[in-house]
Each structure stands twice: as C-alpha cells, then as structure tokens.
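K.L.:
turn this into a structure:
(chains A, B and C)
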Amino acid sequence: MHDLNPQQKEALQHINGPLLVLAGAGSGKTKVITHKFAYLVKTHKTPADAIFAVTFTNKAAGEMRERIGHLLPNDIRSAWIGTLHSQCGRILRKEIKNLGYGPDFSIYDEDDRCNLIRHILKDFKIYEALYKGVSSRINILKASLIDPDTFLASGDGFGFDEKLAKVYIRYQDELQRSNALDFDDLIMLTVKLFREFPKVLRKYQDSLAHVLVDEFQDLNASQYHLVKLLAKQHKNICAVGDDDQSIYRFRGADVQHILNFEKDFPGAKVVRLERNYRSTQNILDVSHAVISANPNRKAKKLWTDRGRGEKVHYCWLNNEEEEAKHIAKVIKELYLKGAAAYKDVGVLYRVNLQSRALEDALRDAGLPYRVVGGISFYQRKEIKDIIAYARLVTNHGDNVSLRRVINTPPRGIGAATLSKIEGEAKKKSACLFDILKVAAKNSGIVSSTKDKLGSFSSLIEELAPRAGQDAAELLKAIVERTGYRETLDDDRKQNIAELIVSAEGRDIREFLDKVSLQTSHEEAAPGDHISLMTLHNAKGLEFPVVFLTGIEEGVLPYFKAIGKEDEIAEERRLFYVGMTRARDMLLLSGSRKRRLYSRIQEQEPSRFLKALPREYCLWIEKVAEYHPFKAGGRDNKKAEIVKVKPLFASGCRVKHPVWGVGVIRDCYGDGEDQKVMVNFPTIGLKRLSLKLANLTKI
DNA sequence: AAAACTCCTCTTTTT
DNA sequence: GAGGAGTTTT
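P.N.:
I've put the predicted structure just below:
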C-alpha cells in the first residue's frame, strides 16, 4: 500500500458502502482497482471468488487478472475478473435453461447479427439496405432493456414503429430458435433472468460481496442496471471512471450514470484521483483548458510533479498532404536526434480515412508504421467460416452459421434448395439442420441435390463427436473434411493455422466463447514502429509523443456533430482523450484544405483550439498570410511556400576533409540548421551539421 | 460459379 | 473516389 498516494489509499480503504472514484487520465486507476482487489482478499479475508470485477475490454480484463495474480498468492483462476459480457456469459451458461435456451448457445457478433437481420428483411420484403439502421435501433432497444414484448406494449414509447417491431420480434425469435445470443442479449437476458428468478439473483447477490467496475462512464443502461442489481444487497460497489473520457455515447454509453451515482447510491463516498503520472504540466493545462469548457462535468484538475516540459505544438498547414509530410518530417527529426524511438510515437485521427495521407507520407519518408484497428483477425472471412462450422457442429440449431457454411466451399446447394428448406423449417418450426437431414431422404427434391444435402449433414454429424476433444483437433478436422483447405491462398492458410494453434489444448466450447467475445485482436505488435489509429482506439493507451491531426471544424468536431450540443461535448471529450495520451510531447495539426469523400473542402481550425492557453503552446502557421482566427482572413492570397531543393539528400555521396567519402543516410532540419547523418566506411555513422562540417557533394 | 455491371454509401465501434 | 454488395450476364 505504501506506493499509493493519499487519494488512492482512500479509495482502497473505503470498502463498506458505495464508492465513486473519479479517476482522471493517467491517474493510476488500474492500480487502484487491482490493489483494492488484493487488499480485500489479503487484509479483509474476502474470498477472491466473492469479488465481481468488470472492465470493458478483453485486454483490460487480461491485464487486471495478471496484475492481481502478481499481488496475491491465491489461485484466482475461478475469480470473477473479466469483461461484463464474459461474466454474463459465464452466468448464463449455468442458468439460461430457466429462460428456455440451451446451455450450448452460440454467441453472435455484430457481423452475424447483421446477416440475420438482412435475412429477415429480405423475407419481409423490406428494403434490405436498411439493415444497418435496424440493427442499431435494435441495439439501442436492447441496451435500454426493451425486449420485443415490452416494445410492443410500449404504445408510442421508444419511437415505436410497427415495421421495426415486426423485425425485432422475428429477430429475437430467430435467435432463440438458433439457440444463439447476441452481445446485447448477454446483458439483457442476464437482467431478465435476475428479474424473473429472484432466487437465482439472490444466489449471486449473496456470494458477491463486492462489485468493482472499471470504465464506469462507458456503461449503457442495461449494464448499469445489471451492476446495480448485483450490488443491491451488500451495497459494496466501487465505480471507477472518468466522465471526461466518455466517448461511446453512440454505443449507448451514458455519462449520466457517473453524474447521478451519488443520487442512485445515497451516502456514496467520492474520491478524486487528480494526480497524473503520465503527462507534463503543459499538456495537462492545455487539455484542461479544453475539457473544462464542457457543461455538466465533475470538476477535476489534473496536476503532476513532472514540470512544465515541452510546449504543446500547433501547426496549421495548407492541405492534408502537407500536414502528413510535416508530421513525417518531425518524427524523423525526433528519431535522428535520439529524442524518440518510432514506437514512442502515436499519430491519432478522428476518422479512418485520414490515415491514408499519413500512411503515404510515412511510407515516402521511409518510416516504419502500423495502423492499429481496422479489420480484426476474428472478422476475417476464413476465420469466421471455420468458426461457423465449429458452432454448427456444437450447436445444430445455429441457423445463421448453417446458412453461412452450407455452400462454402461451393457444394452445389444453392439458393433455391435453401429456401425450400427454410420454408419447411418454418412450417414445422424446426431448425434448418434437422429439416436438411430429413430432406436428404425424402420429399420432392432432385436426387442429386439430396445426395449433396446428405453428405453435408453427415459431415457435420461425423464431426460432432470430436467436439469433446481438443478444440484444435476439431478445427483441423473441419478444415480437412469440408474441403475448405483447397479454397485457400497462402495468407488465409496462414491465418487458419494461427487459429488452430490458438485453439490447442482448449475445450471447444470455451474456445468458441473466447473467440466470439474477442472482437479486436490487435495486440500492441512488438517492433519499433509508429502507431496510427483513431482517437477511439487510443483510449487507454499512452505514447511519449502524440500527434493529433485534423484539428479542424468538420473533422474534430466531426461535421455530423455540429449544431448538437451534447455531441459537441462528446467530440470535445474525444479531443481531450487524445491529448491526455501524450507523456512528453503533444503536437496538434490541421490543414486549410482537406479532401473529404471526393470533395475538397475549405477548413477552419477547430473551435476547441480557441481555449488553448497560448503561453503553453508553440504556434506555427505554415500557411502564409493566412490568420485563421482573424475574421475574413480566409481569402488572402496564399503566398506559395517556395521549396528549396536541398543540396544534400539521403543517398548522396559526400566528401569530408578528415573522414573522406561517405554516403548520406538521412537529413533533417532546414536552412542553417540542416544536419545530416553520414555513413563513412572507415568509421561508421556520424551526425554532422552542414554549417560546420564542410562537406562537399561528389 | 466467375465476371461484369450497377448502385450505394461514406464517423467513431470496448463486447 | 473507392470499396462493398447485389444483380445480371456469360
């Protein structure tokens, strides 16, 4: 406990009754949670299994488990440490029979759910491209604990719409028939279980003496409700979060939960962690100036004893290519000066399409980079196909998976055959697989098709007994026996091989759960490279050097948020999250012109910049005669920035009076200050100032 | 079942 | 401006 600061200690020691820990960025909140867990077990003899500790990401959960493991001698394998979804999964595997599902339910991700919704829309002859909107509406309903029946009974509530209701009912029905749950069901059905079976709830309430919730600001209504239910009896809930870092409103997260905590839990103690261990005071002051302009926030002011540090840079350029080139140049200089390794640098942006210009510039400059995020491993087609086979093998009722694989690889079972089976299944309210099995023997289907159906169903059934073995064995068998292997190119084979390795020695059920709940696979890849990612993806990370790009009206805040007060507040928080990722250097940039969806737009600097205290900033405007904050300044003629072609560039051969001939590896700085790195065969790499070194080009 | 064509969309995305 | 998905064609 001695390495905790007074506020952290306070948070640790308050163990009876509700506690809200307002943990600013970089204030050591993970430390508080892990130490609190250990403290409860060690000092207060709480069984490790009596603490329900939740986070939002698998990564955070893994870290939490590992760190607690280091703090305690106990075996914590069975402890309730995990994401809320995985914990619900665990509860439901045991208890879901109460709700009329089987314990072997499949878990559908966003992709599976969209497939199902599209299928339903097609069936209802509703314009199929609406599926995204429908999906998100259903998302929101479930996140608000509105199940189809409640929705029907709601009258005009919740934006009732008959078509939506029809689709929602059918969707939920299809899920149940497939014995499948989507992500939101994991929460919603757990709540339903607890509401309808108080005995079951009681069992969990009794055994869970403490509830610890990380990232509290990210809870949606159903998740909050669930947590409240669990904590209702002992009232020992410790909520850790930061309202200023709430950036998932569009997923249903509601900052209000953190703001209302004291009302919902009367007598709650509130602890503020305002000491920051990450950034310099300049970075903290600048970001504070930005975030404190938001209404309705819990006042907090972060401080550090690290000193002022480097000023926050702001640079305004002509267009996104110049912005990107500028960034590449600055990174290179930092690298050559030895101020930062590439892995110390994070380049963040609001929207993915911004990565393109940045990637081009970094590639041109020969700098190593990685784009973090994007399509995750588990969303690749080949992985999803194999997983769908495995699901179907373990859960024959899984219609979505069956539709996915029945003709993958092509085995001549086309749309016509499938729709016959669909019709039959609906009539008999049976699952597709059972119908297919029977259809292989009788009914009015051409005999050649019958054979195909028969061999498909027996294939799945032959694989079923292997479900008891090692998950890797089952996956291997699937890849071989289904003929899937033949359809693969080398990349995909590689991916599948990786999947199989990760399944080794695991139980298939457990493996599928893990895979279904593990949606982002992007581990911080080892190696020295610059990281590129969206602001959302940067949450929870830190870098010594952070570039925030596109700090313009229309990009940050994004144009869709403009004019809506609470969305602007969220954009501001997003900006804040980005700024507080920086340890030592924070560099903001924007550009006057930007291409957004095939249109070149004239941009203005973000409104968020107006609040920046200039004394902590270094302002560089590389757009000549253009003063962004001066009214009417926009149409001043733009003096071209004349590019002086450098005399010395990498690759040139040069001669030095003492060391002789060498090859320039790199150049940085401009004009008088230009420096070069030269490789001399006799003595190796040398860093030289052009002004002093008296080099001649040869 | 592949190839060619058209149409549509285009913010962020922990599980 | 480009990628994805659906549709039509071969």
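K.L.:
for stretch A:46-53, how far is the first residue from the last?
P.N.:
13 Å (C-alpha to C-alpha, to the nearest Å).
K.L.:
for the residue of the stretch 151-300 of chain A found nearest DNA strand C, give me its contacts.
P.N.:
Closest approach between the stretch 151-300 of chain A and DNA strand C, counting by C-beta to the nearest atom of the strand: residue A:167, at 16.0 Å. Just so you know, the C-beta spots here come from the backbone N, C-alpha and C atoms, and that holds for glycine as well. Each residue near residue A:167 by C-beta atoms under 8 Å, 6 or more residues apart in numbering is listed here: A:117, A:120-121, A:124, A:126, A:134, A:138.
K.L.:
ChimeraX command for the buried members of those residues?
P.N.:
In ChimeraX, this line selects whichever of the contacts of residue A:167 come out buried by 16 or more other C-beta atoms under 10 Å:
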select /A:117,120,121,126,134,138
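K.L.:
any idea how far residue A:353 is from the residue in chain A positioned nearest to DNA strand C?
P.N.:
The nearest approach of chain A to DNA strand C comes at residue A:598, 3.6 Å away (C-beta to the nearest atom of the strand). From residue A:598 across to residue A:353, the span is 11 Å (C-beta to C-beta, to the nearest Å).
K.L.:
next one: residue A:46
P.N.:
Residue A:46 is 49 Å from residue A:353, by C-beta to C-beta.
K.L.:
in chain A, which residue is most central in space?
P.N.:
Centroid-nearest residue in chain A, with C-alpha atoms, centre = their mean: residue A:537, separated by 5.3 Å.
K.L.:
pLDDT score assigned to it?
P.N.:
Listed pLDDT for residue A:537 reads 91.
K.L.:
nearest residue to residue A:186 in space, please, no chain neighbours.
P.N.:
residue A:88 (4.3 Å; C-beta to C-beta, 6 or more residues apart in numbering).
K.L.:
hang on, that neighbour packs against residue A:190?
P.N.:
Yes: proximity of residue A:88 to residue A:190 meets the contact threshold set by C-beta atoms under 8 Å, at 4.4 Å.
K.L.:
give me the common contacts of the two.
P.N.:
Joint contacts of residue A:88 and residue A:190 (C-beta under 8 Å, 6+ apart) are residue A:226.
K.L.:
so for these two, which sits in the more crowded spot?
P.N.:
Per other C-beta atoms under 10 Å, whichever of residue A:88 and residue A:190 has more neighbours is residue A:190, with 31 against 25.
K.L.:
now do the buried residues in the helix or strand encompassing the more buried one.
P.N.:
Per DSSP states H and E: residue A:190 is located in helix A:183-196. The neighbour-count check on helix A:183-196 (16+ other C-beta under 10 Å) flags A:183-194 as buried.
K.L.:
what packs against it?
P.N.:
Judged by 3 or more C-beta pairs under 8 Å, 6 or more residues apart in numbering; DSSP states H and E, helix A:183-196 is in contact with helix A:84-95, strand A:106-108, helix A:131-143, helix A:198-207, helix A:221-231.
K.L.:
residue of the stretch 351-500 of chain A with the smallest distance to DNA strand B?
P.N.:
residue A:410 (2.2 Å).
K.L.:
tell me, how many residues neighbour that residue?
P.N.:
9.
K.L.:
what kind of secondary structure is it in?
P.N.:
What DSSP: H, G, I helix; E, B strand; the rest coil gives for residue A:410 is coil.
K.L.:
how close does it sit to residue A:484?
P.N.:
11 Å.
K.L.:
near DNA strand B, which residues of the stretch 101-250 of chain A?
P.N.:
A:109-110, A:129, A:132, A:183-184, A:215, A:218, A:248, A:250 (C-beta under 7 Å from any atom of the strand).
K.L.:
show me the two of those residues that sit farthest apart.
P.N.:
A:129 and A:215 (33.7 Å; C-beta to C-beta).
K.L.:
looking at the two now, which is surrounded by more residues?
P.N.:
residue A:215 (24 against 9).
K.L.:
show me the contacts for that one.
P.N.:
Residue A:215 neighbours (C-beta under 8 Å, 6+ apart): A:55-56, A:60, A:240-241.
K.L.:
can you list the strands that the longest strand along chain A pairs with?
P.N.:
When chain A is parsed with DSSP state E, its longest strand is strand A:582-596. In the sheet, strand A:582-596 lines up against strand A:312-319 (parallel), strand A:543-548 (parallel), strand A:599-602 (antiparallel) (DSSP bridges).
K.L.:
and these, which is most packed in?
P.N.:
Among these, ranked by average contacts under mean count of other C-beta atoms under 10 Å, first place goes to strand A:543-548 (a mean of 24).
K.L.:
can you tell if it touches DNA strand B?
P.N.:
No: Strand A:543-548 does not reach DNA strand B (C-beta under 7 Å from any atom of the strand); its nearest approach is 14.2 Å.
K.L.:
pull the residues that contact the next helix or strand after that strand.
P.N.:
Next helix or strand after strand A:543-548 toward the C-terminus (DSSP H and E): helix A:565-579. Under the contact criterion C-beta under 8 Å, 6+ apart, helix A:565-579 has outside partners A:25, A:244-247, A:249, A:283, A:286-287, A:290-291, A:293-296, A:348, A:350, A:535-536, A:538-539, A:546, A:548, A:551, A:556-558, A:560-562, A:586, A:606, A:608.
K.L.:
when you scan helix A:565-579, is anything in it near DNA strand B?
P.N.:
Yes: Helix A:565-579 reaches DNA strand B (C-beta under 7 Å from any atom of the strand) through residue A:567.
K.L.:
buried residues, that helix. List them.
P.N.:
For helix A:565-579, burial by neighbour count (16+ other C-beta under 10 Å) applies to A:567-579.
K.L.:
with stretch A:246-261 instead?
P.N.:
A:246-249, A:252-255, A:257-258, A:261.
K.L.:
looking at residue A:46 and residue A:353 now, which is surrounded by more residues?
P.N.:
The neighbour comparison of residue A:46 against residue A:353 (other C-beta under 10 Å) goes to residue A:46, with 17 against 14.
K.L.:
thinking again about what came up before, report the inter-axis angle for the longest strand of chain A versus helix A:565-579.
P.N.:
130 degrees (axes from the mean of the first three to the mean of the last three C-alpha atoms, to 10 degrees).
K.L.:
are strand A:582-596 and DNA strand B in contact anywhere?
P.N.:
No: applying C-beta under 7 Å from any atom of the strand, one finds strand A:582-596 separated from DNA strand B by no less than 8.9 Å.
K.L.:
what does chain A put close to DNA strand C?
P.N.:
Checking chain A against DNA strand C by C-beta under 7 Å from any atom of the strand, the hits are A:118, A:128, A:597-598.
K.L.:
rewinding a little: what helix or strand does the residue of the stretch 151-300 of chain A closest to DNA strand C sit in?
P.N.:
helix A:162-177.
K.L.:
could you give the average pLDDT over that helix?
P.N.:
89.
K.L.:
then that helix to PDB, C-alphas only?
P.N.:
Extracted in PDB, the C-alpha atoms of helix A:162-177 (Å, rounded to 0.1, in the frame of the first residue of the first chain):
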ATOM      1  CA  GLU A 162     -44.600  -1.200 -36.500                       C
ATOM      2  CA  LYS A 163     -42.200  -2.500 -39.000                       C
ATOM      3  CA  LEU A 164     -39.300  -2.300 -36.600                       C
ATOM      4  CA  ALA A 165     -41.400  -4.100 -34.000                       C
ATOM      5  CA  LYS A 166     -42.100  -6.900 -36.500                       C
ATOM      6  CA  VAL A 167     -38.500  -7.300 -37.400                       C
ATOM      7  CA  TYR A 168     -37.400  -7.100 -33.800                       C
ATOM      8  CA  ILE A 169     -39.800  -9.800 -32.700                       C
ATOM      9  CA  ARG A 170     -38.700 -12.000 -35.600                       C
ATOM     10  CA  TYR A 171     -35.100 -11.400 -34.900                       C
ATOM     11  CA  GLN A 172     -35.300 -12.300 -31.300                       C
ATOM     12  CA  ASP A 173     -37.300 -15.300 -32.200                       C
ATOM     13  CA  GLU A 174     -34.700 -16.500 -34.800                       C
ATOM     14  CA  LEU A 175     -32.000 -16.100 -32.200                       C
ATOM     15  CA  GLN A 176     -33.800 -18.200 -29.700                       C
ATOM     16  CA  ARG A 177     -34.600 -20.800 -32.300                       C
END
